[in-house]
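**Q** coords please:
(4 chains)
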Protein chains: 4
Amino acid sequence: MQDAKLIAKTHAEHTSEIEIAPSTQLIPNTTVGGQDLFIVGGPCSIESMGQMEAIAQAKLPIQGVRGGIYKPRTSPYAFQGLGDVGLDILSAVRNRHGLPVITEVMAIDQIEKLSAHADVLQVGSRNMQNFDLLKALGDSDKPILLKRGLAATVKEFVMAAEYIASHGNSNIILCERGIRSFDSYTRNVLDLGAVVALKQITHLPVLVDPSHATGKRELVAALSRAAIAAGADGLIIECHPEPDQSISDARQTISLEAMANLIDSLVPIAQAVGRTVRHHHSLGLAA
Amino acid sequence: MQDAKLIAKTHAEHTSEIEIAPSTQLIPNTTVGGQDLFIVGGPCSIESMGQMEAIAQAKLPIQGVRGGIYKPRTSPYAFQGLGDVGLDILSAVRNRHGLPVITEVMAIDQIEKLSAHADVLQVGSRNMQNFDLLKALGDSDKPILLKRGLAATVKEFVMAAEYIASHGNSNIILCERGIRSFDSYTRNVLDLGAVVALKQITHLPVLVDPSHATGKRELVAALSRAAIAAGADGLIIECHPEPDQSISDARQTISLEAMANLIDSLVPIAQAVGRTVRHHHSLGLAA
Amino acid sequence: MQDAKLIAKTHAEHTSEIEIAPSTQLIPNTTVGGQDLFIVGGPCSIESMGQMEAIAQAKLPIQGVRGGIYKPRTSPYAFQGLGDVGLDILSAVRNRHGLPVITEVMAIDQIEKLSAHADVLQVGSRNMQNFDLLKALGDSDKPILLKRGLAATVKEFVMAAEYIASHGNSNIILCERGIRSFDSYTRNVLDLGAVVALKQITHLPVLVDPSHATGKRELVAALSRAAIAAGADGLIIECHPEPDQSISDARQTISLEAMANLIDSLVPIAQAVGRTVRHHHSLGLAA
Amino acid sequence: MQDAKLIAKTHAEHTSEIEIAPSTQLIPNTTVGGQDLFIVGGPCSIESMGQMEAIAQAKLPIQGVRGGIYKPRTSPYAFQGLGDVGLDILSAVRNRHGLPVITEVMAIDQIEKLSAHADVLQVGSRNMQNFDLLKALGDSDKPILLKRGLAATVKEFVMAAEYIASHGNSNIILCERGIRSFDSYTRNVLDLGAVVALKQITHLPVLVDPSHATGKRELVAALSRAAIAAGADGLIIECHPEPDQSISDARQTISLEAMANLIDSLVPIAQAVGRTVRHHHSLGLAA
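**A** Residues are numbered from 1 along each chain as shown, chains lettered A, B, ... in the order given. Model (predicted):
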């Protein structure tokens, strides 16, 4: 296999800082890959305005909110996301609270619509090698959050990012979210070795999603601390005002209070590795 | 997870026979899932008219020819397939020799064009859970060859097929092509237990691709025999007039002579499990 | 890693035929690795004299009977086998019916005692790299049935056999019994590609255990046929007079009637690949 | 499967502190599982007195030294360890410097001899389910370092420890050392989720071996920090005065200087999770 070109590190200190939503007045300037950690919280699926408002009003020290609108589900008969209604909710919360939002894009024809309302477009694990989607996102200039495939090697993950870069978009954020293994004790196995390797191979920021990696909420906080200690540039964590009421992924979702405590516990870890945890950035627009 | 509905077996003898190219005069009637095995040969990628003519003129006892036009490649810098030129070659060979052709569809906007020239549209492993593609193929009536994902469970594979069926297209052929494992001796591990399980769970035909499963040409013939003995409805095998000259997957590609010998060796195995190997079906149009 | 020396094939037709119990008048001469398949049946654990008598009296066309006396169990609180009482049962059945017996050896200090009563000593998957046990078995001249480890690569498996050979015992029979994977639909994944590879790398006979490989009795017969078609030299199958009453592994154990039908279905497959299924070999001593 | 009894946590704060070498005047009192981290360094294999002296004289802030005497190697033709000569070296270094030593026991008949010279007996990954060895170690009162099997589930690992405990020895230290995966980029995948889970399931201390987990020295330091942040009670790291000269595992072995820097970097991480890194404990006997 040929090596990565555009996203490969050229020297040890070569890192990229990706700007999130720099062009919108409502959204404060946020970057990924600099000294500040980029911590994202939110539900697996957007379920209602009330749900999203509760998260925004909790004033967690997060730099982005996530929530699925179109959901990739194993079964065609499972909840497929709110669709366009979800987009309206996402957009309203974003504008009211000035929180950058991240949502998943599953098809080329969703790119334009989602780009108008979201600050980061996520490519899910199942689409990591949907090369036509990657190429189309390469034609965009939106920041892309590329999640590692369920059984993708480090090299395949790197080359998937290279697809996006080779089509013109270098605003790429990688995300390790657990890989498949023989052990069903956890849903997947969080591969922090890959995070360290990715930081050595590429200049791109690397996030960690401990929620999908383990599928068990009681493991999320400790693994979040481990991820930051390993050098991750941030986290994506599933949280919900009422975790047990989540339509999807309830078992791995933590409460907003647990989320606040988790972030508190990251502060000294971040400091130990030369990083910082930002306070809540809200513009106070909702006040 | 909810169970499959439309593709689930309702009784032990419940099997579907999928018609290939029934509406074209040039193509003799072929089915998959009946008593006759469905054996497909051809190169990983379509490279030239000469290559495809050599395969067609070998008059192998195959019921279809495969060849990639748009290739999903790990690296954006690797050969991506001939594209539209390949489609012309495929179409010419199909019309001249009356051989049903199978090629991979990677994106929704390729469906219409490929449908005009191919008899079966293949969904590759990397797209097994590209749900938007599956839904769009559900709106078609073309036979779909759905390959198992690199690390897809049997249940996920079944539900991916259910996506297609739930959108209206029940002409689905499953294909086991090896799964990822810890052992790099073979490229993947052929999971014949999954083939047996799929035949018990669904009424759909199930093929086996021993070439991608092992990545080693010297293992292909014995595993082809094993697949038929296990109850597979057919095989997809990479063969090439000059295997070592293959642009992609040379290591797993066998010669046309080896292909002929392999199919000969299947005859008594097929008979032992109540199946038959058809002779070359050519209409002699090229003569 | 260095390559195998003593067990490596020196030319394509180089195969070893291992003699089972050649020195005992009561046991008819049996070999593994020749034209005749070597088919072994029996329960996971020896439970009672009545159980083993029922199997022997069924006069199945098998060439050996298996049954665990000392059982390796995940939990120290699970049934650990009958121990010495089991040995007496095994020995009595062997002498009465002239059936070669296979049982597992878990520790060096069991070798001498088991060797007096069993014709083949099995090394279980968990002990495949218990190198001290392998060396001690290399000092014996008993045929050794070496099962592949749960996550052993083909190369590690080959080198484990080389340990035995390098200490002086070349009576080694390999056994593929499924490897660990991400899919819990089957207990393990039967790796028939490894069987084909092992037959190409070494001159040793290779058996297949479809019962442990799948953990589901409804998959055993079809995979047995596949194994023989792939070139395996025989099978080890869990069967029991009352499968649902098995103390261990009930879910994967078939009835004696199913076992007889399974072996019947192997006859034409064996013939297709140049092998034969022997009739019941009983000396009629029990009559 | 039945659950663990003796090693199961009975309440959230239930943890065990294992005493290392409490009866020897030469060895200062050391515990594993208390507030102090337990950090072990040393080569894969003991190669010479000079090698071990260089490590001891480096006065690293470690609480134990490791080194293999009898080595489990995939090939019978690979270096199998120095054997009894290695034991003399180990013993001399231990007595001269007062450093607790850890070495691997591979067979029951090595237990007595190794117990006279080592403070902790390690059970290697390949022997995690060598149940006869586990039972024999249960009859000892030596602290046992039990490494997770290459493809052992969390439950199997826990039950292997329960074997030792059920035979009377509760001085058990668990060690996560990476599991097998499909990706050959790293030798194994470090499973820190398992570390967090083990700390929740059992009251035993849990160490992490980042050297074997990754097989790449450039990943060791960051994963060591991650392990401590995740809540591990200590580390086992391969270091060598001349890493590139290591007879085995050179690729994953770090220099003594790198080891010192690594431990320095752990200090603030340890503090962030309420743990401490002890200074060099040497009794100064060598001075």
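
**Q** and the strand or helix carrying A:Leu145, which strands flank it?
**A** Under the criterion of DSSP states H and E, A:Leu145 resides in strand A:144-147. In the sheet, strand A:144-147 lines up against strand A:120-123 (parallel), strand A:172-176 (parallel) (DSSP bridges).

**Q** what residues does chain A have near chain C?
**A** A:Ala151, A:Arg180, A:Ser181, A:Phe182, A:Ser184 (Cβ under 8 Å from any Cβ of the partner chain). Using the backbone N, CA and C atoms, a C-beta is placed for each residue, glycine as well.

**Q** buried set for stretch A:28-47?
**A** A:28, A:30-34, A:36-47 (16 or more other Cβ atoms under 10 Å in any protein chain shown).

**Q** hey, which of the strands paired with strand A:144-147 is tucked in deepest?
**A** By mean neighbour count, with neighbours taken as mean count of other Cβ atoms under 10 Å in any protein chain shown, strand A:172-176 ranks first of the strands paired with strand A:144-147 at a mean of 27.

**Q** mean confidence score for stretch A:154-162?
**A** The average pLDDT for stretch A:154-162 rounds to 98.

**Q** ranges for the strands of chain A?
**A** In chain A, the strands defined using DSSP state E lie at A:18-20, A:30-32, A:38-42, A:64-66, A:101-104, A:120-123, A:144-147, A:172-176, A:206-208, A:234-238.

**Q** any chance of those in JSON lines, plus mean pLDDT?
**A** Compiled in JSON lines, those are given as follows (pLDDT from 0 to 100):
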{"stretch": "strand A:18-20", "mean pLDDT": "94"}
{"stretch": "strand A:30-32", "mean pLDDT": "94"}
{"stretch": "strand A:38-42", "mean pLDDT": "97"}
{"stretch": "strand A:64-66", "mean pLDDT": "95"}
{"stretch": "strand A:101-104", "mean pLDDT": "96"}
{"stretch": "strand A:120-123", "mean pLDDT": "98"}
{"stretch": "strand A:144-147", "mean pLDDT": "98"}
{"stretch": "strand A:172-176", "mean pLDDT": "98"}
{"stretch": "strand A:206-208", "mean pLDDT": "98"}
{"stretch": "strand A:234-238", "mean pLDDT": "98"}
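
**Q** centre-most residue in chain A?
**A** Nearest residue to the geometric centre of chain A (Cα atoms, centre = their mean): A:Ile236, 4.7 Å.

**Q** identify the bridge partners of it.
**A** For A:Ile236, the beta-bridge partners are A:Val40 (DSSP bridges).

**Q** thinking A:Ala260 is in contact with A:Ala58, fair?
**A** Yes - counting by Cβ atoms under 8 Å, A:Ala260 does reach A:Ala58; the two are 7.3 Å apart.

**Q** ok, the nearest residue to A:Ser140 once chain neighbours are set aside to chain D distance?
**A** Nearest residue to A:Ser140, sequence neighbours excluded (Cβ to Cβ, 6 or more residues apart in numbering or on different chains): A:Asn169, at 5.7 Å. A:Asn169 is 25 Å from chain D, where distance means Cβ to the nearest Cβ, to the nearest Å.

**Q** what sits against A:Asn169?
**A** Taking Cβ atoms under 8 Å, 6 or more residues apart in numbering or on different chains, we find A:Asn169 in contact with A:Leu137, A:Gly138, A:Asp139, A:Ser140, A:Asp141, A:Lys142, A:Ile144.

**Q** among the residues of chain A next to chain C, the buried ones, what's the ChimeraX command?
**A** Entered in ChimeraX, the line below selects the buried ones among these, by 16+ other Cβ under 10 Å:
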select /A:151,180,181,182
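
**Q** can I get the residues of chain A next to chain C in TSV with distance to chain D and pLDDT?
**A** Formatted as TSV, these follow (distance: Cβ to the nearest Cβ, whole Å; pLDDT from 0 to 100):
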residue	distance to chain D	pLDDT
A:Ala151	6	96
A:Arg180	8	96
A:Ser181	6	95
A:Phe182	6	95
A:Ser184	7	92
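
**Q** could you dump the strands paired with strand A:144-147 to a markdown table with distance to C:Glu242?
**A** Converted to a markdown table, the strands paired with strand A:144-147 look like this (distance: least, Cβ to Cβ, whole Å):
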| stretch | distance to C:Glu242 |
| --- | --- |
| strand A:120-123 | 54 |
| strand A:172-176 | 50 |
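
**Q** B:Ile20: which of the ones you listed is closest?
**A** strand A:120-123 (34.2 Å; Cβ to Cβ).

**Q** which residues touch that closest one?
**A** Applying Cβ under 8 Å, 6+ apart, the set of residues contacting strand A:120-123 is A:20, A:64, A:66, A:100-105, A:111, A:114-115, A:130, A:133-134, A:137, A:140, A:142-147, A:173, A:175.

**Q** just give the nearest non-adjacent residue to A:Met174, would you?
**A** Rather than Met, residue A:174 is Leu. Using Cβ to Cβ, 6+ apart and skipping residues adjacent in sequence, the residue nearest A:Leu174 is A:Val206, 4.7 Å away.

**Q** just A:Gln200 next, same as before
**A** D:Glu218 (6.5 Å).

**Q** pretty sure the one you found sits against A:Ile201.
**A** No - between D:Glu218 and A:Ile201 there is no contact under Cβ under 8 Å: 10.8 Å.

**Q** where does the prediction get shaky in the stretch 101-250 of chain A?
**A** For the stretch 101-250 of chain A, applying pLDDT under 70 flags no range at all.

**Q** the residue of the stretch 1-150 of chain A found nearest chain C: neighbour count?
**A** Across the stretch 1-150 of chain A, the shortest distance to chain C (Cβ to the nearest Cβ) belongs to A:Leu150, at 8.3 Å. Using other Cβ atoms under 10 Å in any protein chain shown, the number of residues around A:Leu150 comes to 23.

**Q** likewise A:His14?
**A** 10.

**Q** any chance you could map the helices in the stretch 151-287 of chain A?
**A** Counting by DSSP state H, counting those that start in this stretch, the segments of the stretch 151-287 of chain A that form helices are A:154-166, A:192-201, A:210-214, A:220-230, A:256-272.

**Q** just send those helices back as a markdown table, with mean neighbour count too.
**A** Formatted as a markdown table, the helices of the stretch 151-287 of chain A follow (neighbours: other Cβ atoms under 10 Å in any protein chain shown):
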| stretch | mean neighbour count |
| --- | --- |
| helix A:154-166 | 23 |
| helix A:192-201 | 26 |
| helix A:210-214 | 28 |
| helix A:220-230 | 28 |
| helix A:256-272 | 19 |
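
**Q** residue contacts, the closest residue to A:Glu156 other than its chain neighbours?
**A** Closest residue in space to A:Glu156, ignoring its immediate chain neighbours: B:Thr74 at 5.5 Å, by Cβ to Cβ, 6+ apart. By Cβ under 8 Å, 6+ apart, the residues touching B:Thr74 are A:Met1, A:Gln129, A:Lys155, A:Glu156, A:Met159.
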